[in-house]
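Student: Return a 3D structure for these sequence lines:
(one chain, ligands or ions: 2)
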Amino acid sequence: MNISAPKPKNMKEAMKDPYNRSIDYLRISITDKCNLKCVYCMPGKDIKYFKRSEVLTFEEIVRFVSIAKKNGLRKVRITGGEPLMKKNVAFLISSIKKTGIHDLSLTTNGIMLAGLANGLKKAGLDRVNISLDTMDTEKYKKITGGGDINKVWQAIEAAEGAGLTPIKINIVPIRGLNDDEILSFASFTIDKNYHVRFIEFMPVGSNEMWSRDKCVTSKEVLEKISTLGSLERLKFRGKGPSRNFRLKGARGVIGIISPISDHFCGACNRLRLTINGKIRPCLFSQVEIDIKTPMRSGASDIEIEQLFYDAIKVKPQRHLLHESAASSEFLQAMSKIGG
Ligand code: SAM
Ligand code: SF4
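Tutor: Ligands and ions are numbered 1, 2, ... in the order given. Here you go, the predicted structure:
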């Protein structure tokens, strides 16, 4: 894209987008491969993966993070695909941590986490989000294309033992598939100090599956959960899209993320870095800024820094998913962009 934002006067200005949001959070997709095939995420057939040469290397990722950190980046999340499938992920984590990133987290399906949790913590990982959409062994197999739920239970335990806390559990409630488990997931927070986060089903990836009526709205989720007891709205919102609640007397937190019914763009503080080296200012916009080609053509840190400013300056005010949620132009697998 042919844009070049003026060089900001200071770090604070660098991180402000045109809508006065402070952009200090980067999600990095490090692989588009996955050891599961969740029905709501992966494209049904003809999955095309990026060639190795197209994928940003760890060195390139760390270089970009280091440049962004000097300009005020504070939070990084590693995602994919399944990030733990990537060899040497602990090395990447420690290299990112060494740049001085304040809050380093990772989103995983948990299948490989149990054996890695301690090493990742030692490498500098602060916490994990673990995706779990059902507590039923057979249904888990059905949703994930054959996954073993016992590995996820072991992962949760190991992550807790390693201190990768607070443990956050992501569930995408889908009508007719797992919406009968909303109360069980919410009840999880009564005894456990976990954050259980209900994320509305979005029209990305498996486009044959998505329809508006399959998306259980946050309003419905909250109505159901309030049958368990009174819900206290928590003041901390962190920066970001989750509205947080606690059931009376519960130890854990219930997070509600509503990209479909109530867009959270006003609180969006993030950029994404795709596995093929593009900064994506909004999950649902096609606008991308290539950093891989300039990096591989010898661009200086100052030139890369300029691309970072440019990405912040083109961040759209909001997405239009409510108006045109079925539009195919929005549909691209989460595993490619980085969920
Ligand atoms: N493989 C890892 C995992 O499953 O946690 C990380 C990548 S995955 C794409 C990141 C998150 O995106 C997961 O919590 C998953 O549930 C969520 N996700 C994937 N497809 C989605 C969709 N269509 N709507 C809402 N969330 C989705
Ligand atoms: Fe893989 Fe995560 Fe997508 Fe499931 S949600 S297919 S685990 S990338």
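Student: hang on, residue 169 in a helix?
Tutor: No: remark: residue 169 does not belong to a helix; assigned using DSSP: H, G, I helix; E, B strand; the rest coil, it is strand.
Student: doesn't residue 185 make contact with it?
Tutor: Yes: if you go by CB atoms under 8 Å, residue 169 and residue 185 touch, sitting 7.4 Å apart. Where you see a C-beta, it was placed from the backbone N, CA and C, and this is true even at glycine.
Student: Quickly list what's touching both of the two.
Tutor: Common contacts of residue 169 and residue 185, defined by CB atoms under 8 Å, 6 or more residues apart in numbering, comprise residue 196.
Student: Do you have the helices of the stretch 51-200 of the chain handy? List them.
Tutor: 58-70, 89-98, 117-123, 137-144, 149-162, 182-191 (DSSP state H, counting those that start in this stretch).
Student: Any idea which of these gets closest to residue 37?
Tutor: Residue 37 sits nearest to helix 137-144 of all the helices of the stretch 51-200 of the chain, at 6.8 Å, using CB to CB.
Student: quick one: the closest one to chain centroid distance?
Tutor: Helix 137-144 sits 22 Å away from the centroid of its parent chain (CA atoms, centre = their mean, to the nearest Å).
Student: ok, now stretch 27-37?
Tutor: Using CA atoms, centre = their mean, the offset of stretch 27-37 from its chain centre is 11 Å.
Student: ok, back up a step: and of the helices of the stretch 51-200 of the chain, who's closest to ligand 1?
Tutor: Ligand 1 sits nearest to helix 137-144 of all the helices of the stretch 51-200 of the chain, at 8.9 Å, using CB to the nearest ligand atom.
Student: give me every residue that touches the residue lying closest to residue 116 once chain neighbours are set aside.
Tutor: Leaving aside its sequence neighbours, residue 116 sits nearest to residue 84 (CB to CB, 6 or more residues apart in numbering; 6.1 Å). Neighbouring residues of residue 84 by CB under 8 Å, 6+ apart: 106, 108, 111, 112, 113, 116.
Student: tell me the pLDDT at residue 84?
Tutor: Confidence at residue 84, expressed as pLDDT, is 98.
Student: wait, residue 26 sits on residue 76?
Tutor: Yes: the pair residue 26 / residue 76 is scored as a contact, 5.2 Å apart, by CB under 8 Å.
Student: returning to what we had before: redo the contacts of residue 84 as a markdown table? Include pLDDT and distance to ligand 1.
Tutor: A markdown table is the format used below for the contacts of residue 84 (pLDDT from 0 to 100; distance: CB to the nearest ligand atom, whole Å):
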| residue | pLDDT | distance to ligand 1 |
| --- | --- | --- |
| 106 | 98 | 8 |
| 108 | 98 | 5 |
| 111 | 98 | 9 |
| 112 | 98 | 10 |
| 113 | 98 | 10 |
| 116 | 98 | 14 |
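Student: Would you convert those residues into TSV that also reports neighbour count?
Tutor: Listed next are the contacts of residue 84 as TSV, based on neighbours: other CB atoms under 10 Å:
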residue	neighbour count
106	27
108	26
111	21
112	17
113	24
116	20
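Student: Cross these against strands and list the overlap.
Tutor: Members of the contacts of residue 84 lying in strands (criterion: DSSP state E): 106, 108.
Student: Max pairwise distance over the contacts of residue 84: which two?
Tutor: Once CB to CB is applied, the contacts of residue 84 give 106 and 111 as the farthest pair, at 13.3 Å.
Student: Buried ones in stretch 139-149, by neighbour count?
Tutor: The neighbour-count check on stretch 139-149 (16 or more other CB atoms under 10 Å) flags 139, 140, 143, 144, 147, 149 as buried.
Student: Lovely, talk soon.
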